[in-house]
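> Sequence and predicted structure below; questions after.
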Amino acid sequence: MKLLIHTLGLLIVTFLGTSVRAASIPTINQNPRRSSGQCAPFHSAFQHSDISSNSFTSTPFVAVSPRGSYNVGSNGLELYLEKPNKPVKMKDGVNDFVAEGATVNSTFSVLYGKISFELSAPTVPGVVTAAIMLADQHDEIDIELLGGDTTHWQSNIFTTSPKIRSLSGSLPKKTDIESTHTYTIDWNEDRIVWSVDESAVRTLRKSETKINGSHHFPSHPARIQLGIWDASNPAGTAEWARGPIEWSKSPHKMAATFKSVTVECPY
């Protein structure tokens, strides 16, 4: 999978962190529940029939990374990040070569709904596991788990404004990102609530995103994107992710596991 860096002018809300990016994916027509929203109830515990590597199929998910970068099994969907096949040199807090991780996109879009991800992530500094709502207009609503910060998770948005602050939330006591938790984005036209295991961690209201007279609030239909990626370069990204990855001390192959994805449509 090739990771694309956010274009200039996008809101970067996690210090200098970047997010996985993928090709444009066709959407499935859905009946809007109200004039301002687009949502259809959905649930997947990830069967083989749910994912294809062919973007022209009608499966609910399509892999935009190569075959072998992911697997569907009894644990759900496993997304892999593997050690590069060439030597990796670390200098001045970055790696000179970045590994390619797996990315899977939904073939349908959601505008305003409650989206839950049941997942676990590797605890290796420099590795990022991401569950993202991504619009063609570059709006994003993100959940990101940093392998180097095992008891917290990041809640982020990306829009066109240069200044909206991100927040990290704590996991339940005596647990970490390697344990399976349910992370939720509850999104309507007025606010976004991020939760873990049904406990709200952060609320961002549309009124809080007003800058220079304009609101910078995600308001376009967005695909679901699931990914794992190497945040070992550039320097700001590596620092945010507590990296870079020290491959000499890390597993050759790491996996983020998504047990399920659920979309509810209360709005």
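Looks like it arrived, so ask away.

> okay, and the helix or strand of this structure with the least pLDDT?
Every helix and strand of the chain was ranked by mean pLDDT, DSSP states H and E. The lowest is strand 167-170, at a mean of 77.

> which neighbours does that strand have in its sheet, and in what orientation?
strand 152-158 (antiparallel) (DSSP bridges).

> quick one: contacts for residue 225?
By Cβ atoms under 8 Å, 6 or more residues apart in numbering, the residues touching residue 225 are 20, 22, 103, 104, 105, 106, 130, 131, 132, 133, 134. Using the backbone N, CA and C atoms, a C-beta is placed for each residue, glycine as well.

> Next one, pLDDT for the first one please.
The confidence metric pLDDT takes the value 37 at residue 20.

> Please apply the same query to the last one.
Model confidence at residue 134, expressed as pLDDT, equals 95.

> That one is in contact with residue 159, isn't it?
No. When contacts are counted by Cβ atoms under 8 Å, residue 134 is not listed as touching residue 159 (12.0 Å).

> hey, what's in contact with both of these two?
Where contact means Cβ under 8 Å, 6+ apart, the residues bridging residue 134 and residue 159 through contact with each are residue 140.

> Run through the helices of the protein in chain order.
If DSSP state H is used as the criterion, the helices of the chain fall at 235-240.

> thinking again about what came up before, arrange the contacts of residue 225 in TSV, one row each, with distance to residue 174 as further columns.
Supplementary listing: the contacts of residue 225 in TSV, determined by distance: Cβ to Cβ, whole Å:
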residue	distance to residue 174
20	30
22	35
103	32
104	31
105	34
106	33
130	25
131	23
132	28
133	30
134	33
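
> Using JSON lines, lay out the residues you listed together with distance to residue 220 and neighbour count.
Conversion of the contacts of residue 225 to JSON lines gives the following (distance: Cβ to Cβ, whole Å; neighbours: other Cβ atoms under 10 Å):
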{"residue": "20", "distance to residue 220": "18", "neighbour count": "28"}
{"residue": "22", "distance to residue 220": "16", "neighbour count": "22"}
{"residue": "103", "distance to residue 220": "20", "neighbour count": "26"}
{"residue": "104", "distance to residue 220": "21", "neighbour count": "27"}
{"residue": "105", "distance to residue 220": "15", "neighbour count": "24"}
{"residue": "106", "distance to residue 220": "15", "neighbour count": "26"}
{"residue": "130", "distance to residue 220": "19", "neighbour count": "28"}
{"residue": "131", "distance to residue 220": "18", "neighbour count": "26"}
{"residue": "132", "distance to residue 220": "14", "neighbour count": "25"}
{"residue": "133", "distance to residue 220": "10", "neighbour count": "26"}
{"residue": "134", "distance to residue 220": "10", "neighbour count": "26"}
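
> which intervals of this protein have sub-threshold pLDDT?
For the chain, the stretches flagged by pLDDT under 70 are 1-36, 161-166.

> pretty sure residue 183 is touching residue 195, no?
Yes. Applying Cβ under 8 Å, one finds residue 183 in contact with residue 195, separated by 7.3 Å.

> between the two, who's got more neighbours?
It is residue 183, of residue 183 and residue 195, that has more neighbours when counted by other Cβ atoms under 10 Å, with 23 against 19.

> ok, residues contacting the longest strand along the chain?
Identified as the longest strand of the chain according to DSSP state E is strand 253-264. With Cβ under 8 Å, 6+ apart as the test, strand 253-264 has contacts from 39-46, 75-83, 106, 110, 113-122, 124, 127, 129, 131, 145, 180, 224, 226-228.

> I appreciate the help and will end here.
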